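Undergrad: Curious how this folds, go ahead:
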Amino acid sequence: MDVAEARAAPAVAALPIRRRRGAWAAFARHLLRDPYALIGISIYAIFVVVGLTAPWLAPYDPMEILFTADGGLAASLPPSADHWLGTTNLGRDIVSQLVMGTQPSLIVGLSAAVAVASIGTVVGLLAGYFGGAVDQVLMRVTDIVLGLPFLPFVIVVTALLGPELQNIVFAVAVLLWPNAARVIRSQVLTLSQRQFVEAARVTGAGEWRILFVHVAPSVLPFSALYGAFAVGWAILTQASIAFLGFGDSSAISWGTMLQDAYASQALDRGQYFWFLPAGFCIVLVVLAGFLVSRGYEDLLFPKLRDDT
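TA: Okay, the predicted model is just below:
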């Protein structure tokens, strides 16, 4: 390389950074223009606000046993001005349980999304960039994890480690990262051959700096895509575990509400106001993850949008 090329190398290496900034701005604009993604983001935002303000929004303690004015147990009351969704068979306010149940559901969903995106991104980066034995080992581990049955594995983990939320997040993260890793690996295989990577090497940048400073930002949209998928899967899994009776019985969540309603035969007694709101919230959050991920796909794979 001559002197002119050496002087131009830093400028060439800086070009992808500016392009990535513009790409992220275009990415945000696209999501805001996409009606499906906008609806999904709005649903997430509403639930996050409810979760953060739940202690102030809940009219009663969700575990408090309530009584009527004449001293009787306020059990299985229909919706009223005092109890908008009625009460459970133990006299607990359903609205309070629904609002407070938002917190553990969102904690599981968002924590699992961060874990899945982080593990999948790191594994995909290492496998795609270094190749060779590193790629072989990581991809074989990925294949093994993909072969594990999802719900039985989560049940075994929670049965062995306990029903705490962090154990559910751990189990979900262990099982959901391989798909993200495989997609990111394929992207890194292409990115590692680009000119901006060669320019960074010319300037003396180390392999780890190239990997995490120059290559990693280009695959973060894919990480966000699989993180959005993981939110819905994690919340649905936590609800399923709680409904099956493997959840933490001392913590109120949408899953425990469904389990309590089922065990109390609320459906047979026509107490739809007990289990329908919790089920509807779970459906909304899972739907929001699908809508946001659909907006990601339209941006990441525009040819799919053009062909439809």
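
Undergrad: other SSEs contacting the helix or strand hosting residue 128?
TA: Element membership for residue 128 (DSSP states H and E) is helix 102-130. Applying 3 or more Cβ pairs under 8 Å, 6 or more residues apart in numbering; DSSP states H and E, one finds that helix 102-130 contacts helix 35-52, helix 132-146, helix 165-191, helix 216-243, helix 254-263, helix 272-300. (Each C-beta comes from the backbone N, C-alpha and C, glycine too.)

Undergrad: With just CA atoms, put whichever helix or strand comes after the third one into CSV.
TA: So the one you mean is helix 165-191. Moving toward the C-terminus from helix 165-191, the first helix or strand encountered (DSSP H and E) is helix 195-202. The C-alpha coordinates for helix 195-202 follow below in CSV (Å, rounded to 0.1, in the frame of the first residue of the first chain):
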residue,chain,number,x,y,z
GLN,A,195,-13.9,-3.2,2.2
PHE,A,196,-14.5,-1.4,5.4
VAL,A,197,-13.2,-4.4,7.4
GLU,A,198,-10.0,-4.5,5.3
ALA,A,199,-9.6,-0.7,5.7
ALA,A,200,-9.9,-1.2,9.5
ARG,A,201,-7.2,-3.8,9.4
VAL,A,202,-4.9,-1.5,7.4
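
Undergrad: Next SSE downstream of helix 195-202?
TA: Downstream of helix 195-202, the next assigned helix or strand under DSSP H and E is helix 207-209.

Undergrad: any idea how far residue 130 is from residue 117?
TA: Counting by Cβ to Cβ, to the nearest Å, the separation of residue 130 from residue 117 is 20 Å.

Undergrad: what about these two, which has more around it?
TA: residue 117 (25 against 15; other Cβ atoms under 10 Å).

Undergrad: List the contacts of that one.
TA: 180, 223-224, 226-227, 230 (Cβ atoms under 8 Å, 6 or more residues apart in numbering).

Undergrad: Most neighbours out of those residues, which is it?
TA: Using other Cβ under 10 Å as the neighbour test, those are led by residue 230, with 31 neighbours.

Undergrad: Can you give me every residue that contacts that one?
TA: Applying Cβ under 8 Å, 6+ apart, the residues near residue 230 are 109, 112-113, 115-117, 172-173, 176, 289.

Undergrad: What is the neighbour count of the closest residue to residue 128 other than its chain neighbours?
TA: Closest residue to residue 128 apart from its sequence neighbours, by Cβ to Cβ, 6 or more residues apart in numbering: residue 188 at 2.9 Å. Burial measure for residue 188: 24 neighbouring residues, criterion other Cβ under 10 Å.

Undergrad: Got the confidence number for residue 188?
TA: pLDDT recorded at residue 188 is 90.

Undergrad: That one contacts residue 131, doesn't it?
TA: No. Look at residue 188 against residue 131 with Cβ atoms under 8 Å: they stay out of range, at 9.6 Å.
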